[in-house]
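Trainee: The sequence and its predicted three-dimensional model are supplied below.
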Amino acid sequence: MRRRFVYFFMVFGFLLHSNVAFAQYFGQNKPSYKQFDFEQLKTPHFEIYHYCKSDSLIKSIAQKSEQWYRFHQQVLLDTFKVRNPLLLYSSHADFQQTNAIHGYIGIGTGGVTEGFKKRIVMPLGFSEHQTNHVLGHEMVHAFQYDLLQRNSSLGLASIQNIPLWMIEGMAEYLSVGNTDGHTVLWMRDALIHNKFPSLKTMTVDYRYSPYRYGQAFWSYIANTYGEQYVSHLFTETAYQGIENAISDVLFISMDSLSHVWKESMEQHLLRNVNDSTFSVHGERILSRRNSGRYNLAPSVSPDGEKLIFLSERDLFSLDLFLADAKTGEVLKKIYTSTNSDQIDDINYMETSGTWAPDSKHFAYVAYIKGKSALVVFDVEKAKLVSEIDIPQVDAFSYPAWSPNGDYIVFTGLKEGISDLYLFEVETKEVRNITRDHYCNLQASWDKEGDVIYYITDAPSPTQERVVSTQYNIAKIDLASLTKDVIPTFDGAQNMNPVVSADGSKVFFLSDRDGTRNLYFIDEKRSGLKQVTFYPTGITGITAMAPALNISKNYLYYNMLWEGEFSILRAHVSQIQKTAVEVSDKKVDFYASRLMPYSSFPSMVDQNLVHTDFVPVVEKDSFYTEPVKAKFKLDYIGNTSMGVMTGRYGAGMAGSVEARFSDILGDHMLYTGVSINGEIYDFGGQVAYVNQKRPLKLGVSLSHIPYQTGYFNVEEDGESGEGNLAYYFRRTFIDKLSLFSYYPINKSHRIEFGISGANYSYRTEKVENYSYYYSLSNQKSKLIESPDPFAVGIFDLAYVIDNARFGLASPIEGKRIRFAYERYIHGVNMNTFLFDFRKYFRFKPYTLAYRMYHYGRYGSGSDDTRLFDVFIGYPWYVRGYESGNFYGDEQDGQISTNQLWGSKAVVSNLEWRIPFSGPRDYAWIRSQLFFSELAVFYDAGLTWDSNSSPEFSFTTRSQNKRIPVMSTGMALRFNLLGAIIIEPYYAFPIHQGKIHEGNFGINILSGW
């Protein structure tokens, strides 16, 4: 007699690294809509890759690059031995499509520098100042990588010893210096509210900006010890960690340094009573009390009734919300990424939206198909009703609807020059109305719609010296196109002009005294008055972000308070009463210094002040060369090797994978090998992907071993007794694939390919198997295996994924995958896959649902040479470990046969609870330990051609398949974003009964 006792399936297969995009089952797409034809300009220290048509623009960038190199070299005492690559994109939408950086690039990322090739990748900004700052900041990262790579005791891996705030803060300090009103605003706010962090807190608490606090730290180090300590402390931290480095380099403990740093900041930034006490103008209508921690970019409807603003009140993204403009009551969500698949992103960093005069429609700048677009929402329905494309410019920002509704003015970026453009709503005509080489931003209409106010880096008539960081208030008369720069505070950042309802006053923000406060111009009386005297200031999330808006007789503004952004509402007549005439228009930025002037002369500050006087590089040292595709290493990882021995015998395990690409990332080569067990368990893959065009093309060659095993109870021919035999089969799949994928947008893509595969087998048998002795002590013998066969495969898939990830699983949105495969030659069959996942958000909880079907159909669907589907894995139906099945359907139990088949349907339902994580979200507050509790109900059903599904909960036959179910609870742990572990306790439900629960573990993120 021969019968199957327990069957189980084990896969020790070769797993591809997640960075290989074409191996993704789900996952959102990196935007890819354009083909960029790069040119190369070489300077003494840089290779600049660009596709700009303006020769003067590229040469200006080249000069600035060499200038920043000289500045940073003087402080860090490091020299590039080879030219450093710089990839320049015309807009942020283009920058998001770069192939040089493999991960997704968000709106908040101004530039990226990667380590292996030290590539600086960045877009042009809307002003020369913004572009220059990003260039200087990212170049510091290139120096940081160079310092690590050239030190024989260090390497790129050593960067993991350095806190993020040290890395980013150093880049900010060396590119901005000691005078930075925006960073001082954050520091003073933290000191006033006694929330200034220690160095240890900064390292683990996400709430403290690594840019702002890191810059302040390095300013203190340079001021106290000298700038020669910057690179020394950085490299020592990479070598031995921050605590030991501070002790060895500065001869002070980390805790003591935190204390004296805070004391020094208090003495400098809170030196008088006005630095910590002040009265607030207006009422705070939006704050953490009724919204999120970040309430930004207020935009009020013309009728003064409605307010749209940005907020992270749902924690994981910045969305657009509608609120009552008088009370601040949040009424609804206007936009979130999970309900607008056609929008890749909204530009939330340095722009705000604009209302139509009817107060029913609202327009905002978004990125759609790799371009800036103005998306118009019906506010009442919270529905996108139209998209406005402006092909005449590379990008645009700061839109403002005219009072009569006929025009929208915006800042358009073209070849690095930002001008004001007028868009006629009815005819779609676009015209440039400023046409100069200055930047022109933040437009605002007057009451009649005849004049537009804006900011520019053009000098005022009274200005004696032009500085690159300045912005002045200007206006343009639409009838004559006459431009006038209005004298306010020369050399300061005068920003965000808005016109009062009666048209008599222009309110704006200025940092003329080192703090960002509210002023207004009375043009009729030639008056200039200061309204607020805040020691922190009125600001958005960045210094350039709009923070001021007006409607009817009320002013709305952003204010940083206790590390959070609130929106305040003030009556214009009230703030005019307390306004103070400004008699002295001189600027004084001492209050915006992070540290007082030091006895150590700051080379950083001197360089920044004298930027315009530093000798330029001779132009004849620049020359062009064609771009050549040469493969260089991008990444190497999963490196491990070991030999093991034990009760199960001896074996080997190890893996290594590497990724190579050209300098632009258009051509990628992936290689990987792995072994787990014996020499037969060696697997490997090599793949090439051409990413230059939106349609990605690739080819791969792989050898992948899979292992399966099962036990049989077999009769001994002589004694008639049953003996336990163990069968062990290796399946080797050698496969050549041609594949392609096409990202339609961020959420949708098409995948298709053809491949040829050869299946071969090696089968071993262990007779008289005993659980009590090592498998290595029981001899196995080769037995007959299935014949090898070859098969051709055609595959096609459509994927939708706009899900938003929470602590350990998706919490909002949807994921859908339709897939079809056609097998020909060796096996004749079709496979269909449908995987639907939907996540319903009930802040802070999520109801998650999944419906999954996979089936093989056709004459070869039940071929024994193919693996059946097993739904007992914990990522399908939890609680059904295969070793637990010893029953029989005849006895009212269940066998493993109920879990195997060529076709399967699985359904899951989960209630997800944030267990530990960020405050105001999880049950238990934690900065490092993120976890999620899930109450689940799983169900699954399998069948094949020899069995049939039954609409019943009980069966007495193995050929009558019934649903198997389970319910229980799981706790998912997110281990620093590297891996998610899910222990669970499940109660199996089958044959109409709830059975004893059992523990299990799943090492996958929640579905």
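Mentor: Yep, it's here. Numbers count the residues shown, from 1 in each chain.

Trainee: counting contacts, what elements does the helix or strand hosting residue 362 pack onto?
Mentor: Per DSSP states H and E, residue 362 falls inside strand 361-368. Applying 3 or more CB pairs under 8 Å, 6 or more residues apart in numbering; DSSP states H and E, we find strand 361-368 packed against strand 345-346, strand 354-355, strand 371-378, strand 383-389, strand 395-401. (C-beta placed from N, C-alpha, C; glycine too.)

Trainee: To residue 59, which of those lies closest?
Mentor: strand 395-401 (21.7 Å; CB to CB).

Trainee: Report the angle between that closest one and strand 383-389.
Mentor: Orientation of strand 395-401 against strand 383-389 (axes from the mean of the first three to the mean of the last three CA atoms, to 10 degrees) gives an angle of 120 degrees.

Trainee: Excluding residues flanking it in the chain, which one is nearest the residue nearest the centre of the chain?
Mentor: In the chain, the C-alpha nearest the mean C-alpha coordinate belongs to residue 106, at 5.1 Å (CA atoms, centre = their mean). Closest residue to residue 106 apart from its sequence neighbours, by CB to CB, 6 or more residues apart in numbering: residue 345 at 7.3 Å.

Trainee: Neighbours of the one you found, how many?
Mentor: Residues within reach of residue 345, counting by other CB atoms under 10 Å, total 21.

Trainee: can you pull the contacts of it?
Mentor: Residue 345 is in contact with 96, 106, 107, 337, 366, 367, 746, counting by CB atoms under 8 Å, 6 or more residues apart in numbering.

Trainee: repeat that for 10 Å
Mentor: 31, 92-93, 96, 104-108, 317, 337, 365-368, 746 (CB atoms under 10 Å, 6 or more residues apart in numbering).

Trainee: Then residue 914?
Mentor: Contacts of residue 914 (CB under 10 Å, 6+ apart): 315, 806-808, 811, 843-846, 921-924, 930-933.

Trainee: Mind giving me the PyMOL command for buried ones among those residues?
Mentor: Applied in PyMOL, the following selects the buried portion of the contacts of residue 914 according to 16 or more other CB atoms under 10 Å:
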select buried, resi 315+806+807+808+811+844+846+921+922+930+931+932+933
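
Trainee: Now do the end-to-end distance for stretch 991-998.
Mentor: Using CA to CA, to the nearest Å, the end-to-end distance of stretch 991-998 comes out at 18 Å.

Trainee: picking that back up, could you give the bridge partners of the residue nearest to residue 106?
Mentor: residue 367 (DSSP bridges).

Trainee: Which of the helices and strands packed on strand 361-368 sits closest to residue 983?
Mentor: strand 345-346 (36.3 Å).

Trainee: mean confidence for that closest one?
Mentor: The pLDDT scores in strand 345-346 average 92.

Trainee: by contact count, what packs against the lengthiest strand in the chain?
Mentor: Across the chain, the longest stretch assigned as strand under DSSP state E is strand 722-743. Secondary-structure packing of strand 722-743 (3 or more CB pairs under 10 Å, 6 or more residues apart in numbering; DSSP states H and E): strand 2-9, strand 682-690, strand 696-715, strand 748-766, strand 780-783, strand 789-801.

Trainee: my guess is residue 897 is in a strand, correct?
Mentor: No. Counting by DSSP: H, G, I helix; E, B strand; the rest coil, residue 897 is not part of a strand but helix.

Trainee: Excluding chain neighbours, what is closest to it?
Mentor: residue 958 is the one closest to residue 897 (CB to CB, 6+ apart), at 4.6 Å.

Trainee: Residue 478 now?
Mentor: residue 450 (5.8 Å).

Trainee: Enumerate every residue touching the one you found.
Mentor: 402, 403, 477, 478, 479, 503.

Trainee: By neighbours, which of those wins?
Mentor: Busiest of those [other CB under 10 Å] is residue 402, holding 22 neighbours.

Trainee: And the nearest residue in space to that residue that is not next to it in sequence, how close does it get to residue 424?
Mentor: Nearest non-adjacent residue to residue 402, counting by CB to CB, 6+ apart: residue 449, 4.8 Å away. Using CB to CB, to the nearest Å, one obtains 13 Å as the distance from residue 449 to residue 424.

Trainee: hang on, the earlier thing: make CSV from the helices and strands packed on strand 361-368 and add distance to residue 25 to it.
Mentor: As requested, the helices and strands packed on strand 361-368 are arranged in CSV below (distance: least, CB to CB, whole Å):
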stretch, distance to residue 25
strand 345-346, 24
strand 354-355, 41
strand 371-378, 29
strand 383-389, 29
strand 395-401, 34
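
Trainee: Which one of the ones you listed lies nearest to residue 72?
Mentor: The nearest among the helices and strands packed on strand 361-368, by CB to CB, is strand 395-401 at 28.3 Å.

Trainee: Work out the gap between the closest one and the centre of the chain.
Mentor: On the basis of CA atoms, centre = their mean, to the nearest Å, strand 395-401 sits 24 Å off its chain's mean C-alpha point.

Trainee: again with stretch 448-462
Mentor: 36 Å.

Trainee: Go through it and flag the buried ones.
Mentor: For stretch 448-462, the buried set under the neighbour-count rule, 16+ other CB under 10 Å, comprises 449, 451, 452, 453, 454, 455, 456, 457, 458, 459, 460.

Trainee: Which members of those residues occur in strands, if any?
Mentor: Using DSSP E, those in strands are 451, 452, 453, 454, 455, 456.

Trainee: which one of those sits closest to residue 183?
Mentor: Using CB to CB, those come closest to residue 183 at residue 455, 20.9 Å.

Trainee: before we move on, the earlier item: quick one: average pLDDT of the strand holding residue 362?
Mentor: Mean predicted confidence for strand 361-368 is 96.

Trainee: quick one, that strand and strand 371-378 angle?
Mentor: Strand 361-368 runs at 150 degrees relative to strand 371-378, counting by the same axes, to 10 degrees.

Trainee: CA atoms only: put strand 361-368 into PDB for me.
Mentor: C-alpha atoms of strand 361-368 as PDB (Å, rounded to 0.1, in the frame of the first residue of the first chain):
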ATOM      1  CA  HIS A 361     -13.500  76.600  -8.100                       C
ATOM      2  CA  PHE A 362      -9.900  76.400  -6.800                       C
ATOM      3  CA  ALA A 363      -6.800  75.900  -8.900                       C
ATOM      4  CA  TYR A 364      -3.500  74.400  -7.700                       C
ATOM      5  CA  VAL A 365      -0.200  73.500  -9.400                       C
ATOM      6  CA  ALA A 366       0.300  69.800  -9.900                       C
ATOM      7  CA  TYR A 367       2.600  67.500 -11.900                       C
ATOM      8  CA  ILE A 368       0.800  65.400 -14.500                       C
END
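
Trainee: quick one on the thing from earlier: isn't the residue nearest to residue 402 right up against residue 477?
Mentor: No. The pair residue 449 / residue 477 is not scored as a contact, 11.6 Å apart, by CB atoms under 10 Å.

Trainee: Now do the nearest residue to residue 962 once chain neighbours are set aside, the pLDDT please.
Mentor: Counting by CB to CB, 6+ apart, residue 955 is the residue found nearest to residue 962 once chain neighbours are left out, at 4.8 Å. Note for residue 955: predicted pLDDT of 80.

Trainee: ok, now the one 4 residues further on?
Mentor: The model reports residue 959 with a pLDDT of 80.

Trainee: what about the closest residue in space to it that isn't next to it in sequence, neighbour count?
Mentor: In space, and not counting its chain neighbours, residue 959 is closest to residue 947: 4.4 Å by CB to CB, 6+ apart. Here the count is done by other CB under 10 Å, and residue 947 has 19 residues near it.

Trainee: ditto for residue 439
Mentor: So residue 439, with other CB under 10 Å, has 25 neighbours.

Trainee: Double-check it against residue 126; I have them as touching.
Mentor: Yes. Checked against CB under 10 Å, the pair residue 439 and residue 126 is within contact range at 6.2 Å.
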